[in-house]
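Asks: Below are the sequence and a predicted model; questions follow.
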Amino acid sequence: MKEVMIVTGASRGIGAAIARMAAARGYAVCVNYKSRRDAAEQVVSQIRAAGGEAIAVRADVSQEGDTVRLFETVDQELGTVTALVINAGILETQMRVDQMDAARVARIMQANVVGPFICAREAVRRMSTRSGGQGGVIVNISSAAARLGSPGEYVDYAASKGAMDTMTIGLAKEVAAEGIRVNGVRPGVIYTEIHASGGEPARVDRVAAKVPMGRGGQVDEVAAAVLWLCADEASYATGAIIDVAGGI
Ligand code: NAP
């Protein structure tokens, strides 16, 4: 069976690393992005240059209509999705809860909770043996923040990742007998551009000293865990959440 993976938010950072590693392992990959078309096309070019198959699809996966169109495009251009990595996620400027307004919290929940639910729904509808599908895997990219709470920085973001972890546990049980495995990965502090959105581009280096391993993580270290969860080697793993966080 052709293995088709959708990686949301794959134009940069952790998502781009997952897309490249998946393509190298034989998946046809959909590189989803929101606005950085140049970056997404570059990931696709790198994959094709290495002999892999990939397409870039613009879709704001916090919006239901865009997500439906993303999955329909993949149906038509690559084939039915067999692996979904829900990676797109956002955070906003570091601040305390007593400074946050409702609009900010709603944006975080829309992007990091509502969006992933709709992505998971579209995948389950296609993968579930209950509806004639062939099964598949879903991996949710959560965060160590779900355990740590991110005080003084972004408790809203941490809470959204806590919600994602609960979705992983519940959905895994809901579809376990329908050929679908659902797992999560909780990265710690990883070198990507996301920290600039929090207002501190060099955050990884500041926080690294507090990480038991004494360093920040690299995107490929997260991607490797995701690819293991997607592989047949992980055939009995569902509802699991792997910390890739240097010990924090
Ligand atoms: P990043 O470097 O900021 O990249 C974010 C990616 O997501 C980009 O490809 C961006 O697309 C895309 N994106 C954002 N919102 C989107 C939307 N609504 N629809 C479609 N695509 C969207 O982030 P990252 O650090 O790689 O983080 C990836 C995931 O890992 C996130 O869920 C994050 O919470 C989680 N994580 C990261 C860290 C870390 O230290 N980096 C730690 C724990 C967890 P454009 O390029 O088009 O903007």
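Replies: Yes, it's here.
Asks: Can you say which helix or strand has the residue nearest to residue 12 when sequence neighbours are not counted in it?
Replies: Spatial nearest neighbour of residue 12, excluding adjacent residues (Cβ to Cβ, 6 or more residues apart in numbering): residue 39 at 5.3 Å. From N, CA and C alone the C-beta is placed, and that goes for glycine too. Here residue 39, judged by DSSP states H and E, is contained in helix 37-49.
Asks: ok, and what's touching that helix?
Replies: Contacts with helix 37-49, where a contact means Cβ atoms under 8 Å, 6 or more residues apart in numbering, come from 10-12, 16, 19-20, 23, 29, 31-33, 53-56, 58.
Asks: Now do the residue nearest to residue 12 against residue 229, distance only.
Replies: Distance, residue 39 to residue 229, by Cβ to Cβ, to the nearest Å: 25 Å.
Asks: Moving C-terminal from the lengthiest helix in the chain, which element do we reach first?
Replies: What stands out as the longest helix in the chain, according to DSSP state H, is helix 155-175. Tracing the chain past helix 155-175, the next element assigned as helix or strand by DSSP H and E is strand 180-187.
Asks: Which neighbouring elements make contact with that next one?
Replies: Secondary-structure packing of strand 180-187 (3 or more Cβ pairs under 8 Å, 6 or more residues apart in numbering; DSSP states H and E): helix 115-127, strand 136-141, helix 155-175, helix 219-230, strand 241-244.
Asks: near the ligand, which residues of the protein?
Replies: With Cβ under 6 Å from any ligand atom as the criterion, the chain meets the ligand at residues 8-15, 32-36, 39, 60-62, 87-90, 111, 141, 143, 187, 189-190, 192-194.
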